[in-house]
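S.K.: Take a look and give me a structure for this.
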Amino acid sequence: MPNNLKDAAMPRPSNINEGMNRRIESVDTVRVTKKIIDEAISGTTYVGEAKVGSALGNEVWQIMRIVEALSVTTITWAEGNGNYDKEWDERANYEYR
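M.R.: Numbers count the residues shown, from 1 in each chain. The predicted structure follows:
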C-alpha cells in the first residue's frame, strides 16, 4: 500500500517543471485525464485533474488542497466540491472546505 496520497493517486510523472514551486504533471491513460500536483508552499499541496488537453485557465478542473500541519493532514475541495468546473490558474483563490 502506498505511503501517502500522492503515491496512491499518481501514475508516473511525465513532466516535472522547475521553479520555486514543485509541480508534477502526469497523464492517466485509462481515464484520459491530466493531473497536476503543485507543492505550492511547505505543507500545502494542490492537486488538479482535467481531461487531457485542457487549458490551465479553463473552468474544467477538479482541485483539491492538502494541508499538512504537525501530524494532521487535511484534504479539502475547491468551493467544497469535486466538480470539474474550476480554473487551475485560480487554485490559490478558491475557498476550500
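S.K.: so where is this structure shaky, pLDDT-wise?
M.R.: 1-21, 27-31 (pLDDT under 70).
S.K.: ok, 50 please
M.R.: Applying pLDDT under 50 to the chain flags residues 1-19.
S.K.: Name all residues that make contact with the residue sitting nearest the centre point of the chain.
M.R.: Residue closest to the mean C-alpha point of the chain, counted by Cα atoms, centre = their mean, is Val47 at 0.9 Å. Listed by Cβ atoms under 8 Å, 6 or more residues apart in numbering, the contact set of Val47 reads 9, 35-38, 63-66. Bear in mind the C-beta positions are built from the backbone N, C-alpha and C, glycine included.
S.K.: Inside strands: which ones of those?
M.R.: 35-38, 63-66 (DSSP state E).
S.K.: Now restrict those to buried residues only.
M.R.: Among the ones in strands among the contacts of Val47, those buried by neighbour count (16 or more other Cβ atoms under 10 Å) are 35-38, 63-66.
S.K.: Now render those residues as JSON lines, adding distance to Gly82.
M.R.: What follows is these, written out as JSON lines (distance: Cβ to Cβ, whole Å):
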{"residue": "Lys35", "distance to Gly82": "13"}
{"residue": "Ile36", "distance to Gly82": "15"}
{"residue": "Ile37", "distance to Gly82": "16"}
{"residue": "Asp38", "distance to Gly82": "17"}
{"residue": "Ile63", "distance to Gly82": "9"}
{"residue": "Met64", "distance to Gly82": "7"}
{"residue": "Arg65", "distance to Gly82": "12"}
{"residue": "Ile66", "distance to Gly82": "14"}
